[in-house]
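In: Have a look at this fold, sequence not included:
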């Protein structure tokens with residue numbers, strides 16, 4: 001069921017797992033997010049997913065969506081299970097660890113070279129939020 005109470009990025013802060021979004025909600029959130037991304041020096045992306053394979057698929061979709069260079073998979077667990085993937089656009093590295101008890105979704109953090117500015121973190125977005133055909 002789509003959550004009709006989501007009108008802005010701050011509304012996502014109330015969710016542990018990403019809510020289902022309508023196409024209009026996704027477009028609105030993406031437009032709002034773009035303003036923050038444009039003012040960031042780089043992004044870090046967190047992906048809470050049921051497996052490493054799903055998390056890697058999602059980060060590759062994000063790279064494609066934003067036309068980023070492909071990042072390097074630096075660490076990946078050998079065990080199966082739910083994971084947290086952290087990708088740093090500045091270093092180009094991706095690290096994945098097993099993490100039980102998390103929700104599911106994507107977190108985007110806009111980072112700044114100016115240490116006086118705090119990072120802005122948004123999400124959780126659905127795992128397919130940045131899939132090319134999901135946001136026309």
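Out: All right, it came through fine. Here the structure is a predicted model, which means the values were calculated and not measured.
In: how close does the closest residue to residue 120 other than its chain neighbours sit to residue 72?
Out: In space, not counting the residues next to it along the chain, residue 120 is nearest to residue 110; the distance is 4.5 Å by CB to CB, 6 or more residues apart in numbering. Placement of C-beta: from N, CA and C, glycine included. Shown here: residue 110 relative to residue 72, a distance of 21 Å by CB to CB, to the nearest Å.
In: Name the residue closest to the centre of this structure, please.
Out: Relative to the mean C-alpha position of the chain, the nearest C-alpha, by CA atoms, centre = their mean, is the one of residue 106, at 3.1 Å.
In: which strands and helices sit next to the helix or strand hosting that residue?
Out: For residue 106, the enclosing helix or strand under DSSP states H and E is strand 105-111. Helices and strands touching strand 105-111, as assessed by 3 or more CB pairs under 8 Å, 6 or more residues apart in numbering; DSSP states H and E, comprise helix 23-38, strand 42-49, strand 120-125.
In: tell me the contacts of the residue nearest to the centre of the chain?
Out: Contacts for residue 106 were tallied using CB atoms under 8 Å, 6 or more residues apart in numbering; they are 18, 45-48, 58, 62, 123-127, 129-130.
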